[in-house]
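Enquirer: Structure, please.
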Amino acid sequence: MTLEEVVGSNSTEKKMETVSQALEELLVAAQQQDCLTVGVYESAKLMNVDPDSVVLCILATDEEDEDDIALQIHFTLLQAFCCDNDINILRVSGMRRLAQLLKEDTEDSNSNEPRDLHCILVTNPPVQPLQCQALQDVGSFCEESRCSNQWVPCLELQDR
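Expert: Numbers count the residues shown, from 1 in each chain. Got it, this is the predicted structure:
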């Protein structure tokens, strides 16, 4: 391994960690301001009605979801829609961390079905726009990824 490879991989890891932290901050801030839409079907409905309000589409899976053909088809359709409408897209692994951030019970004691966290939209309403540095950081990361021909960048959220 050359020095360039060592330094390059270290800076890439730091960048990914920084973007992961920004994504976590963004999700918490957006939830507090009621700017999140959670669920594949709910997200598809919102994008059909008001795609201009969506600023980020997060597609989340873990290893056990990789073989879910129906979910992968939904993701493909959502990605195509996002690309057509200039909506930033992120693939995220770490469903448990996502549930922690959104204060979701994975084991719901009321026997209610837990919310589907596989697709999360961050919206930015024109009336009260989301003022958040994390949104700009995540948006910049998505744009940089597109410039290097990675249309759907991937992040891993680490359990804490």
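Enquirer: burial count for residue 76?
Expert: Residues near residue 76, counting by other Cβ atoms under 10 Å, number 11. For the C-beta atoms, the positions are set from N, CA and C on the backbone; glycine is no exception.
Enquirer: what mean pLDDT would you report for the strand of greatest length in the chain?
Expert: Under DSSP state E, the strand in the chain containing the largest number of residues is strand 54-61. Mean pLDDT, computed over strand 54-61, is 94.
Enquirer: hmm, who's touching that strand?
Expert: Strand 54-61 has contacts (Cβ atoms under 8 Å, 6 or more residues apart in numbering) with 23, 26-27, 43, 46-47, 71, 75, 78-79, 82, 85, 87-95, 98, 117-124, 130, 135, 138-139, 142, 152.
Enquirer: and if you look at stretch 151-160?
Expert: By Cβ under 8 Å, 6+ apart, stretch 151-160 touches 16, 19-20, 23-24, 59, 79, 83, 89-94, 96-98, 100-101, 141-142, 145.
Enquirer: Swap in 6 Å and give it another go.
Expert: For stretch 151-160, contacts defined as Cβ atoms under 6 Å, 6 or more residues apart in numbering pick out 20, 79, 89, 90, 91, 92, 93, 94, 96, 97, 145.
Enquirer: If you count neighbours, what's buried in that stretch?
Expert: 152, 153, 155, 157 (16 or more other Cβ atoms under 10 Å).
Enquirer: ok so the third one is a strand residue?
Expert: Yep, that's residue 155 we're talking about. Yes. Residue 155 sits within a strand when classified using DSSP: H, G, I helix; E, B strand; the rest coil.
Enquirer: Any figure for the gap between it and residue 128?
Expert: From residue 155 over to residue 128 the distance is 27 Å, taken as Cβ to Cβ, to the nearest Å.
Enquirer: next one: the first one
Expert: According to Cβ to Cβ, residue 152 stands 29 Å off from residue 128.
Enquirer: got it, and the last one?
Expert: Using Cβ to Cβ, one obtains 27 Å as the distance from residue 157 to residue 128.
Enquirer: Next, name the residue at the spatial heart of the protein.
Expert: The residue lying closest to the centre of the chain (Cα atoms, centre = their mean) is residue 58, at 2.4 Å.
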